[in-house]
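>>> Mind looking at a prediction? Sequence and model below.
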Amino acid sequence: MKKLIFLSLFNLAVVGAFAQGGAVTSAVSFQQQGVLDKAKEQIDKATVHEKTKTKAKTWYYRGEIYRGIASDQTGMYSKLDTNATIEAYEAFKKAVEVEPGSSFAKKAEEGLKQMHFFAGAHKYKNADYQNALALFNLASAASPQDTLPLLYAGITAQQIKDYDQAAKNFEKLIEIGTTMPDIYTTLASIYRSQNKNDEALEVLKKGTQKFPEDKALKSEEFNLYISTGKTAEAKANLEEAMKREPNNATYFLNYGLLSEQTGEPQKAQDSYKKALEIDPNNLDANLSMGVLHYNKGADISKKLNAMDLKQYQKDGKKMEDQMKVHFKEALPFFQKAYSIDQTNLTVLQPLVSIYKVLEMKEDEAKIQKQIESLN
């Protein structure tokens, strides 16, 4: 009788072990059939049972099943676990840990390469930027030629203000080859924030060479030349742009402004004129042309105010006539600017001065009243 009891207990143990081993088999079967709720139920049992929880096979299939839940597009299974992406990631990691070097551990390593990115995206969505960045970096290391992990690693590093890390990722992205011109402007912006203007300029040059039609890149390059005092380079940049887009009034306007800075008033006037031919209602072009003439009159006005009586009697009348000529030339441009924007003090203040000099009293009073109402 004792012998029979022993055999009976032994058989129960075997059945128990088989049942739990069968949980993995059942989970795989349900997974293959696409019945993920049953697959999850079975694999969850296997991952807590003493006989199967230390097997790479168990954790590998848990990773596969949870990855299926995470990527479910039907809506039937995605609600089984809203954290399924991380569960899949952790399961693949566990498979590698419990039986390193085994066939299922190696399969899990391949799963991990894919799950690093998706787990990072999950962390990013939940604003866990530090861990998201670490996972994106792992994804990039696993697939060095894949641009997506680099892009997201760069963006995530920006979120935590780790601009050195962001720059490294964007640099590598450019090196591999990106189809996004924004990467060049973003990297240049990071360099500029670190006072690395030469590096920023180099990046923008590379960007404009690769994307010659991209206006944002050209604009950033131009702005960098201006902010660093490289006027000659900025003008050359604009000359290229003007040839490329001869109907872009902004290019001619900016070229005029730069020409004024470099002491070339005639070039400035010709550029403003061209800008107005392209866009007669361009406020800045009208103002710039008006100011060009107005300043000539204002310079004469200063000289008149500095004269003594004797000098005024000799040259005053002639100079006043010259001043009025310049103000008359400026007037139509300020009037046009006024028709575009009647609340702009940059327009109103010179305009009231012109009306005063030209003795247009009604117009002067009207504009003066408007200025007072705005103040």
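Structure's in. What do you need? Remember, predicted model here, so these are calculated numbers, not experimental data. Numbers count the residues shown, from 1 in each chain.
>>> Please report the distance of residue 327 from residue 348.
From residue 327 across to residue 348, the span is 15 Å (CB to CB, to the nearest Å). Where C-beta positions appear, they are placed from N, C-alpha and C, glycine not excepted.
>>> neighbour-wise, which of the two wins?
residue 327 (25 against 20; other CB atoms under 10 Å).
>>> Touching the one helix or strand that one maps to from outside, list them.
According to DSSP states H and E, residue 327 maps onto helix 317-340. With contact meaning CB atoms under 8 Å, 6 or more residues apart in numbering, helix 317-340 is reached by 280-281, 283, 286-287, 289-294, 296-297, 300-301, 303-304, 344, 347-348, 350-351, 353-354, 357-358, 367.
>>> what's the answer for stretch 132-142, then?
Contacts of stretch 132-142 (CB under 8 Å, 6+ apart): 89, 112-113, 116-117, 119-121, 123-124, 146, 149-150, 152-153, 156-157, 160, 162, 165, 169, 172.
>>> Report the mean confidence score over it.
For stretch 132-142, mean pLDDT rounds to 87.
>>> ranges for the helices of the stretch 101-250 of the chain?
Applying DSSP state H, counting those that start in this stretch to the stretch 101-250 of the chain gives helices spanning 103-125, 129-142, 147-159, 163-176, 182-193, 197-210, 215-227, 231-244, 249-261.
>>> Can you lay out these as TSV showing distance to residue 37 and mean neighbour count?
Formatted as TSV, the helices of the stretch 101-250 of the chain follow (distance: least, CB to CB, whole Å; neighbours: other CB atoms under 10 Å):
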stretch	distance to residue 37	mean neighbour count
helix 103-125	21	20
helix 129-142	28	20
helix 147-159	31	21
helix 163-176	39	18
helix 182-193	42	20
helix 197-210	49	18
helix 215-227	49	19
helix 231-244	60	17
helix 249-261	60	22
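>>> Can you list the low-confidence ranges for this structure?
Scanning the chain for pLDDT under 70 picks out the ranges 1-21.
>>> could you redo the last one with a cut-off of 80?
Within the chain, the segments meeting pLDDT under 80 span 1-21, 73, 142, 213, 215, 375.
>>> Show the buried residues in the contacts of helix 317-340.
Those of those that meet the buried threshold are 283, 286-287, 289-294, 296-297, 300-301, 304, 347-348, 350-351, 353-354, 357, 367, by 16 or more other CB atoms under 10 Å.
>>> mind listing which of those residues are in strands?
Nothing among these maps onto strands, per DSSP state E.
>>> Count the residues that sit near residue 336.
20.
>>> quick one on the thing from earlier: and the contacts of helix 317-340, which of them are in helices?
Taking DSSP state H, the ones among the contacts of helix 317-340 that sit in helices are 283, 286-287, 289-294, 296-297, 300-301, 303-304, 347-348, 350-351, 353-354, 357, 367.
>>> Residue 85 is in what secondary structure piece?
Counting by DSSP H and E, residue 85 is found in helix 84-98.
>>> List the buried residues in that helix.
In helix 84-98, counting by 16+ other CB under 10 Å, buried: 84-96, 98.
>>> which ones are touching residue 233?
Residues near residue 233 by CB under 8 Å, 6+ apart: residue 225.
>>> just the one 5 residues further on next, same as before
Residue 238 is in contact with 222, 251, 254-255, 258, counting by CB under 8 Å, 6+ apart.
>>> Ok, residue 351 next?
334-335, 338, 367.
>>> which one of the residues you listed has the most neighbours?
If you rank the contacts of residue 351 by neighbour count (other CB under 10 Å), residue 334 sits at the top with 28 neighbours.
>>> Check the gap between that residue and residue 367 for me.
10 Å.
>>> Much appreciated, bye for now.
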